[in-house]
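*Asks:* when you get a sec, could you give me coordinates for this:
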Amino acid sequence: MKQSTKLMLDILMGAVIPILILNYLTRPLGAPVAYVVAALVPVGWVAFDLFFLTKKFNFITSFIGLTAIVNGALAFWFVDGVRFAIKDTAALALNVLVFAGSILIGRPVLRFFAAQALNPDTAEREAALGELLDLPDVRRALVSGTLVIVLANLLMAAVNFYLNLTIVTAPFGGEEFNTQVARVNGITRILLPIPSIAAFAAGIYLVYRALYRELPTEAGKPQLESDFWDLVALRENERRPEALSPEV
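*Replies:* Now for the predicted structure:
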């Protein structure tokens, strides 16, 4: 599936359809039922994506799945006011805990994202990448990139909590509550992914820049135009001349 199509479907299932349900099905279904259905649509979409579209279970999909499970469970916690603001911010708070905790235990989460993106498909490549990721400058970039994501999630959590606290003021179970939730979702589910994507892009950039600094260059070819694994192979051959195989 093309990335543009996937993005449109994510927006449709994560924001547009839940908002439409809250706005137009609250009266025929009843406010509590409409709220639960709207909350479960994004969860169902994530499950469908993981099991039928992506079909790959790895760190990233596991993390997304965990977030979906948390959101799905919280959909049945019928609260309003401050507790609703806390509930709607729980997934972002979970992100902060996971990413910040990974820094504290010395295993920054961005390491797993970078490794999965580079996709080492042999044991030799996996070992070579692990060695690169353990280099001091690369480790600092992994920590810095993960910290960028932590700060972005903290900012998004604060904004999300504030918007819910100030906009969703009606008691749970009424039409006004669902209308206010739809109003918040129209803001948060469209705008908040932007800083999230920017933070991940910045974090990955820091890691890639540090990795490429540790790699040699191919003669007469700009480094960034070279295949990453070709450069890794070249590095291995330079360090161990007897390793003549280009497959690392």
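*Asks:* which SSE is A198 in?
*Replies:* Assigned by DSSP states H and E, A198 belongs to helix 193-213.
*Asks:* ok, residues contacting that helix?
*Replies:* 110, 113-114, 117, 132-133, 135, 137-138, 140-142, 144-146, 148-149, 151-153, 155-156, 223-224, 228, 231 (CB atoms under 8 Å, 6 or more residues apart in numbering). To be clear about C-beta, it is placed using only N, CA and C from the backbone, and glycine gets the same treatment.
*Asks:* how does it look with 6 Å?
*Replies:* Identification of contacts with helix 193-213 by CB atoms under 6 Å, 6 or more residues apart in numbering yields 110, 114, 132, 137-138, 141-142, 144-145, 148-149, 152, 223.
*Asks:* repeat that for stretch 5-14.
*Replies:* 42, 45, 189.
*Asks:* the first one: neighbour count?
*Replies:* This points to P42. 21 (other CB atoms under 10 Å).
*Asks:* what does whatever helix or strand it lives in contact?
*Replies:* Using DSSP H and E, P42 maps to helix 31-48. Helix 31-48 is contacted by residues 13-14, 17-18, 21-22, 25-26, 68, 71-72, 75, 173-175, 178 when judged by CB under 6 Å, 6+ apart.
*Asks:* and what of stretch 134-149?
*Replies:* Contacts to stretch 134-149, defined as CB under 6 Å, 6+ apart, come from residues 99, 103, 108-111, 199, 202-203, 206-207, 210-211, 214.
*Asks:* list the buried residues of that stretch.
*Replies:* 138-139, 141-149 (16 or more other CB atoms under 10 Å).
*Asks:* out of the residues you listed, flag the one nearest to L92.
*Replies:* I149 (11.3 Å; CB to CB).
*Asks:* name the SS class of the residue nearest the centre of the chain, please.
*Replies:* Geometric centre of the chain, nearest residue: I64, 6.9 Å, by CA atoms, centre = their mean. Here I64 is recorded as helix under DSSP: H, G, I helix; E, B strand; the rest coil.
*Asks:* ok, and the closest non-adjacent residue to it?
*Replies:* Closest residue to I64 apart from its sequence neighbours, by CB to CB, 6 or more residues apart in numbering: V46 at 6.1 Å.
*Asks:* give me the local confidence score for G220.
*Replies:* The model reports G220 with a pLDDT of 59.
*Asks:* who wins on neighbours among the contacts of stretch 134-149?
*Replies:* The contacts of stretch 134-149, ranked by neighbours (other CB under 10 Å): first place P108, 28 neighbours.
*Asks:* what's near enough to touch it?
*Replies:* 102, 142-143, 146.
*Asks:* please convert those to TSV, extending it with secondary structure and pLDDT.
*Replies:* Putting the contacts of P108 into TSV (DSSP: H, G, I helix; E, B strand; the rest coil; pLDDT from 0 to 100) gives the following:
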residue	secondary structure	pLDDT
S102	helix	94
L142	helix	96
V143	helix	97
T146	helix	96
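*Asks:* E218: which of the residues you listed is nearest?
*Replies:* Using CB to CB, the contacts of P108 come closest to E218 at L142, 25.5 Å.
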